[in-house]
Every structure is written in structure tokens, then in C-alpha cells.
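# fold the following for me, if possible:
(one chain, ligands or ions: 2)
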Amino acid sequence: MYKSDPARGAAWRKRFAEEAADIPFHIWPDVGDPAAVEYLVAWQPPDDLFQRFPNLRIVFSIGAGVDQFSLEEFPPAVKLARMLDPGITQGMVEYVTMATLALHRDLPAYLCAQRERRWRALPSKPAHERTVGIMGLGNLGRAVTAQLRGLGFAVRGWSRSAHEIEGVRCYAGHVGLQKFLAGCDILVCMLPLTAATTGILCSKTFALLPPGATLVAAGRGGHLVEEELLSALADGQLAAAVIDVLSDEPPPPTHPFWDHPQIMLTPHIAATTQVDTGCSALLDNIRRHQSGQPILGEVNRLSGY
Ligand code: NDP
Ligand code: OXD
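Residues are numbered from 1 along each chain as shown. Ligands and ions are numbered 1, 2, ... in the order given. Below is the predicted model of the structure:
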């Protein structure tokens with residue numbers, strides 16, 4: 001059962017017909033026999049998910065994030081999996097590289113200057129004198145650190161458990177957060193949204209960054225306390241921000257981020273599940289399950305990601 005963008009659904013149904021004809025593929029709202037549905041792949045789940053599909057085995061998120069599902073409502077036998085699509089990883093690497101370079105080279109300030117017809121160079125520094133701090137060293141965060149190191153940036157990372165990544169200074173947990181933040185000129189958030197990470201991009205966090213630091217928010221809108229970002233930009237604690245995700249998407253026309261001179265706003269496009277690679281990842285995972293192997297990307301019920 002597929003419940004998401006219908007154009008991608010049509011392409012996936014064709015792929016399933018060609019490569020997995022033994023697995024009937026339904027596109028929402030054509031559910032067929034609800035009792036026959038074992039796998040759901042969705043961005044937003046339907047209401048009454050488990051009553052509607054009593055024999056569900058796995059819910060696959062169509063994206064890397066799974067915060068749209070209420071894991072506490074999942075029956076013990078039903079698994080939740082996130083999408084491990086190399087196309088998403090590539091998209092995030094491109095987005096964070098673009099945002100980091102834009103902040104590193106003062107693009108928000110130069111866009112304002114252009115609108116005001118001001119021709120004035122700002123002082124610049126080489127990438128190796130700029131430290132980028134990555135919050136979240138998972139699938140996406142690790143790929144991004146490799147790319148940014150290749151561009152010459154000093155890179156540090158923060159995660160829940162301890163990591164060792166060559167050339168990256170790694171910090172973990174609550175105890176490591178303060179030291180991590182103290183050295184970040186550009187802070188990039190690629191955390192999952194959980195109870196522990198909600199509101200983490202707040203004034204307390206901004207105050208621990210070097211004055212004039214910048215922010216890339218590419219995880220989920222629930223990480224960011226929007227009014228505290230506005231205050232940090234107003235008082236100079238932060239110089240600029242690139243924001244891809246908001247709590248309320250799309251934001252209303254009156255939202256202060258639309259025309260804020262220090263904010264570059266994009267409509268949740270940092271990384272998107274790709275038609276070909278996303279379908280391969282899903283199909284591989286279903287085959288793994290059918291053959292009794294552990295599935296990839298299973299969400300841990302305790303940590304919520
Ligand atoms: P992973 O599950 O692979 O990695 C998550 C990382 O976050 C891990 O390193 C984990 O630590 C760390 N983490 C989780 N909770 C905490 C915590 N409380 N404190 C410190 N670190 C924590 O996820 P992905 O890399 O695949 O994806 C990350 C998120 O990116 C997604 O959940 C989604 O919200 C967002 N996303 C946004 C997109 C967009 O278009 N804007 C597109 C795709 C994803 P540890 O390693 O110790 O487990
Ligand atoms: C995702 C997203 O989680 O697009 O994949 O945000």
C-alpha cells in the first residue's frame with residue numbers, strides 16, 4: 001500500500017510490476033482488501049492505521065524522518081522503518097554544501113547589498129579557518145562531514161552516542177554539547193525530531209556559539225524556536241541562517257522569515273526521496289523481510305529514531 005505523491009506511486013507500481021510481480025502494489029485510496037495489506041509506505045499515515053490494516057507488518061516512511069508517525073501507538077508486532085535512499089543522502093550533501101558555502105561567503109549580506117545597490121567587499125577567510133559543526137552524525141550527517149572536509153572546512157560533529165570519524169572532532173550527549181557549540185562558526189542541524197531534540201535550536205544553544213555564528217536548519221521545524229532565532233539575529237549573536245524546515249509548512253504570508261534580510265528560506269527541499277533509488281531501497285527491504293533477514297533502518301522504539 002503506497003500513500004504519497006501519486007506520480008511517484010505510478011512509477012513505483014510499474015517497477016513492482018516489472019521486478020516484483022508477486023507483490024501487489026496499491027496506491028491510496030485504492031486499498032484493495034485491507035486485510036491483505038502487510039506493508040505500508042507513506043509520508044503521512046491514514047487515520048486508524050492499525051484498525052484499517054489489521055495484518056500490517058511494516059510501516060515504511062517514504063522519507064528519512066519518521067516523526068510523523070506515533071510510534072507509541074504501534075502494536076508490538078509492527079515495525080517502523082525510515083527510508084535509506086542514497087538519493088536522499090546525495091540531496092542533503094548538496095543542500096548543506098550549498099548552505100555552508102553561502103554562509104561562509106556571506107551570501108545573505110551580499111544579496112541585501114545587491115538590492116540596495118551597494119558595491120562593498122566584506123572581509124573573508126579561507127575554509128580551513130571556519131569550523132562547521134554538524135548536529136547528527138547519522139546517515140546524512142556523516143556523508144555531509146566527508147564533503148565539507150573535502151572543501152577544506154574544519155568539521156566537528158555531535159551525536160547521542162560517541163563516534164569516531166577520521167578528521168572530525170566528535171562530541172556526544174549532554175556533556176559534550178557545550179564544548180561542541182563553543183567552536184562552531186556554522187551550526188548545521190540534521191537531527192531527527194524526538195522528545196529529546198524538540199526545541200534544541202533555542203536561545204540557550206545560540207548563546208553557547210561564538211558571537212556572529214550562523215545556522216543551517218535542515219532537520220525538522222520542531223527543532224527551532226523561531227522567535228529565539230529572530231532575537232539572536234537581532235542582537236548579533238547569530239549573523240544569518242539558512243532554513244529549510246518549519247513547524248508550520250507552508251508558513252503563512254505574514255511569517256517573519258519570508259522577507260528577513262538575514263534568513264534564506266527554502267520550502268523543505270533539502271533532500272527528496274528519488275524515484276529510482278527510493279524504490280530500490282524499499283524493494284530490497286521488503287525482500288529482506290520476506291527472507292527473514294533484519295530490515296534496514298528499523299526505528300528503535302526507545303530512542304524514537
Ligand atoms: P539517522 O537516524 O541516521 O541519524 C540521526 C543522528 O542524530 C545520529 O547520529 C544520532 O546519534 C543523532 N541524534 C539523535 N538524537 C540525538 C540526541 N538527543 N542528541 C544528540 N544526537 C542525537 O538519521 P538521518 O541522518 O538519516 O536523518 C536525520 C534527519 O534529517 C531525519 O530524521 C529528518 O528529520 C531530517 N531530514 C530532512 C530532510 C529535508 O529535506 N530537510 C530530508 C531528509 C532528512 P547516534 O549516532 O548516537 O544514534
Ligand atoms: C525526509 C524529508 O525526511 O524529506 O526524507 O524531510
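# enumerate every residue touching whatever residue of the chain ends up closest to ligand 1.
At 1.7 Å from ligand 1, Gly138 is the closest residue in the chain, using Cβ to the nearest ligand atom. To be clear about C-beta, it is placed using only N, CA and C from the backbone, and glycine gets the same treatment. Contact partners of Gly138, counting by Cβ atoms under 8 Å, 6 or more residues apart in numbering, are Ser159, Met190, Pro192, Tyr305.
# again, but for Thr194
Neighbouring residues of Thr194 by Cβ under 8 Å, 6+ apart: Asp67, Ser303, Gly304, Tyr305.
# and those residues near ligand 1, which?
Tyr305 (Cβ under 6 Å from any ligand atom).
# which of the contacts of Thr194 sits closest to Ala241?
Using Cβ to Cβ, Asp67 comes nearest to Ala241 of the contacts of Thr194, at 21.2 Å.
# A strand includes the closest one, no?
No - counting by DSSP: H, G, I helix; E, B strand; the rest coil, Asp67 falls outside a strand, being coil.
# before we move on, the earlier item: redo the contacts of Thr194 as CSV? Include neighbour count and secondary structure.
As requested, the contacts of Thr194 are arranged in CSV below (neighbours: other Cβ atoms under 10 Å; DSSP: H, G, I helix; E, B strand; the rest coil):
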residue, neighbour count, secondary structure
Asp67, 18, coil
Ser303, 13, coil
Gly304, 18, coil
Tyr305, 19, coil
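# make JSON lines out of the contacts of Thr194 and add pLDDT.
JSON lines is the format used below for the contacts of Thr194 (pLDDT from 0 to 100):
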{"residue": "Asp67", "pLDDT": "97"}
{"residue": "Ser303", "pLDDT": "95"}
{"residue": "Gly304", "pLDDT": "96"}
{"residue": "Tyr305", "pLDDT": "97"}
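# Thr214 in helix, strand or coil?
Under three-state DSSP, Thr214 comes out as strand.
# for it, which non-adjacent residue is spatially closest?
Closest residue in space to Thr214, ignoring its immediate chain neighbours: Leu103 at 4.2 Å, by Cβ to Cβ, 6 or more residues apart in numbering.
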